[in-house]
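S.K.: Provided below for reference: sequence and predicted model.
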Amino acid sequence: MPDPHRPELTPAGLKHPRVREFLACKRHPGSAGRSQAVTLHGSWMIRQFLTAGMRLDAVFVCPALLQPPADLALAREAVAAGAEGYQVSEKVFVRLADHDGIAALGQAPVRTLQDIRVGRAARVVIADGWDLPGNLGTLIRCADAAGACGVLVVEQGFGLGHPLVVRASMGAALTLPVVAADRLGARRWLQERGFRIVAADPTASRSYRDVDYRGRLAIVIGSERRGIAREWLAAADIAAAIPMLGSCDSLNAAVAGALLLYEALAQDSTKRGYGVATS
């Protein structure tokens, strides 16, 4: 008698089209016309996807590696939400993911500039020319925590559905508007809506602590490899530097973004009631 608590799973090997699709997306995130396809590794990422109401195309379960009963219930929930369910061997699963015995293929949300709600004191952060998806995920997590209303990703070197973006953002990439844009389109959108632009530039003469962050504000953080683009320096209302007192000449880009975002939060009178955790 079939187990009523076990989802219906179709056996699948390495040549199954869905398995091949997962592996292709894993190797080349954002390629083959599936810029929003994302591979989800483990129960945590799948649960974040389901909680955010995102679409799952397929879920892959390896009974030998599964952590029952919670992950079996998660697989059942994914299938009930419309995902195709597949059972794979341990040999196949280790090609898909490295833990938990469960993985999935999903569609990350497609955001546009119209999804960003622009209030009187709106803040957005611009990640310009970044090529490290884990860094972007960390920046998105910080932007979400600091009350930003969106992240514009300009001229990035990877798809926004990259699994490292989702994982490093702790799921914030699924709920905060994260929008891909080109430099011209991003600058035009900011200017039309009256944003002031603060560019993080290590050569600037003014400290980031001495900047007025009030009102509508865009914080631009350039690539760690190439620095901030000249177009942003030309468009910026002010350039700000973070003091570097040691032997290094720059900070991790996501850390730099977090510092400026929290300086802006400290000056935001509309959010003075934010809580501070105490031990």
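M.R.: Great, that's in hand.
S.K.: what sits against the nearest residue to L72 once chain neighbours are set aside?
M.R.: Nearest residue to L72, sequence neighbours excluded (C-beta to C-beta, 6 or more residues apart in numbering): L66, at 6.2 Å. Just so you know, the C-beta spots here come from the backbone N, C-alpha and C atoms, and that holds for glycine as well. Contacts for L66 (C-beta atoms under 8 Å, 6 or more residues apart in numbering) come out as L72, A75, D100, G101, I102.
S.K.: Columns neighbour count, distance to R196 and pLDDT on top of those residues, output as a markdown table?
M.R.: Output for these, formatted as a markdown table (neighbours: other C-beta atoms under 10 Å; distance: C-beta to C-beta, whole Å; pLDDT from 0 to 100):
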| residue | neighbour count | distance to R196 | pLDDT |
| --- | --- | --- | --- |
| L72 | 19 | 52 | 87 |
| A75 | 27 | 48 | 92 |
| D100 | 20 | 45 | 86 |
| G101 | 22 | 50 | 93 |
| I102 | 28 | 46 | 95 |
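S.K.: among the residues you listed, which are in helices?
M.R.: Using DSSP state H to define helices, the subset of the contacts of L66 located there is L72, A75.
S.K.: So A58 is in contact with A104, correct?
M.R.: Yes - A58 lies in contact with A104 (C-beta atoms under 8 Å); the separation is 6.4 Å.
S.K.: Quickly list what's touching both of the two.
M.R.: A83.
S.K.: ok, those two, which is more surrounded?
M.R.: Higher neighbour count among A58 and A104: A104, with 30 against 22, using other C-beta atoms under 10 Å.
S.K.: Tell me the spacing between Q267 and R206.
M.R.: Plainly put, Q267 is 15 Å away from R206 if you go by C-beta to C-beta, to the nearest Å.
S.K.: ok, which stretches of this structure are helices?
M.R.: 17-27, 43-51, 70-80, 90-96, 133-145, 163-168, 183-192, 230-235, 253-267.
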